[in-house]
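Enquirer: Predicted model, plus sequence, below.
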Amino acid sequence: MNQTAPPRKPAGFTDRQGQYLAFIHAYTKINGRPPAEADMRKYFRVTPPTVHQMVLNLHQARLIERIPGKARSIRLLVDPEHLPELK
């Protein structure tokens, strides 16, 4: 049997974190500015505390950079080539 291994994501983030990172990348590319937490909340259909906790987790994991208290200041620290496809 000749089976091809499924593509692997780089170590360092979970599948869910990867979706948030892919969303941040796509949103920024399309709109020319990073998303607000409200944009992520609407896309992922989650509560404001859920999005905020994810942003804090991504920042703590050094996957994004942000300026606390400044709107739309998220910047990816992950090479976009390593991001999963946005679902």
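Expert: Nice, thanks for sending it over.
Enquirer: can we go C-alpha only for contacts and neighbour counts from here?
Expert: Noted.
Enquirer: Run a quick neighbour tally on Leu21.
Expert: A count of nearby residues for Leu21, using other Cα atoms under 10 Å, gives 25.
Enquirer: ugh, wrong one, I meant Tyr43
Expert: For Tyr43, the neighbour count with other Cα under 10 Å is 11.
Enquirer: what kind of secondary structure is it in?
Expert: What DSSP: H, G, I helix; E, B strand; the rest coil gives for Tyr43 is helix.
Enquirer: Just the pLDDT at it, thanks.
Expert: Confidence at Tyr43, expressed as pLDDT, is 98.
Enquirer: go on, the one 4 residues further on?
Expert: Per-residue confidence (pLDDT) for Thr47: 98.
Enquirer: For burial, what's the neighbour tally of it?
Expert: 12.
Enquirer: And the one 4 residues further on, by the same measure?
Expert: Here the number of neighbours of Val51 (other Cα under 10 Å) works out to 21.
Enquirer: contacting residues around it?
Expert: The contact partners of Val51, taken as Cα atoms under 8 Å, 6 or more residues apart in numbering, are Glu37, Met40, Arg41.
Enquirer: The same query, at a cut-off of 10 Å, please.
Expert: With contact set as Cα atoms under 10 Å, 6 or more residues apart in numbering, Val51 has these partners: Tyr20, Ala36, Glu37, Ala38, Asp39, Met40, Arg41, Lys42, Phe44, Arg45, Asn57.
Enquirer: Quick one: list the elements packing against whichever strand or helix holds the fourth one.
Expert: Right, the one you point to is Ala38. Assessed by DSSP states H and E, Ala38 sits inside helix 37-44. Helices and strands touching helix 37-44, as assessed by 3 or more Cα pairs under 10 Å, 6 or more residues apart in numbering; DSSP states H and E, comprise helix 15-31, helix 48-60.
Enquirer: and if we set it to 7 Å?
Expert: For helix 37-44, the packing partners by 3 or more Cα pairs under 7 Å, 6 or more residues apart in numbering; DSSP states H and E come out as helix 48-60.
Enquirer: so which of the contacts of Val51 comes closest to Leu76?
Expert: Here the nearest of those to Leu76, counting by Cα to Cα, is Tyr20; it sits at 10.5 Å.
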